[in-house]
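Colleague: okay, predicted coordinates and the sequence, questions at the end:
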Amino acid sequence: MAESPMSWKKGGCHCGAVRFEVLAPNEIAVKDCNCSICRMTGYVHLIVPKERFRLLAGADRITTYSFNTGTAKHHFCSVCGIKSFYLPRSKPDGYSVNVRCLEEGAVRVTRVKPFDGQHWEDAATPGAGTREP
């Protein structure tokens, strides 16, 4: 199956202070992680390389939260508290975009893949499976 055509999709936080765009296919598969922070925030992942992400507005409105190893950098809007993107531990040279923060209709989700983020270290062990999100 050929990859869906790619184009720049816009997104951002609830209040609009943080705006970004991401180069993504029109049809995507996403990851639904069950780690503590993703589960509590309802985050649905689209992971892209850094060159496919652009912060358009709100750099001065972003606050960052890290926990555990400190590798992941969870970026939140300091005004409305929404995390629309972050630097994931599994891909520190890329971004994870919350698909729910893209403009409505920007993409069509064709598949939701569960990811066992509660046991991320087990999944990150060579031969044990994928490292994402």
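Modeller: Here it is on my side, so go on.

Colleague: beta partners for the closest residue to residue 37 other than its chain neighbours?
Modeller: What sits nearest to residue 37 in space, not counting adjacent residues and going by C-beta to C-beta, 6 or more residues apart in numbering, is residue 74, at 6.7 Å. Where C-beta positions appear, they are placed from N, C-alpha and C, glycine not excepted. For residue 74, the beta-bridge partners under DSSP bridges are residue 65, residue 86.

Colleague: number the residues from 29 up from this point.
Modeller: Right, with 29 as the first residue, what we last looked at is residue 102.

Colleague: is residue 66 in a helix, a strand, or coil?
Modeller: helix (DSSP: H, G, I helix; E, B strand; the rest coil).

Colleague: and the closest residue to it other than its chain neighbours, how many neighbours?
Modeller: The shortest distance from residue 66 to any non-neighbouring residue, by C-beta to C-beta, 6+ apart, is to residue 145 (6.0 Å). Residues within reach of residue 145, counting by other C-beta atoms under 10 Å, total 22.
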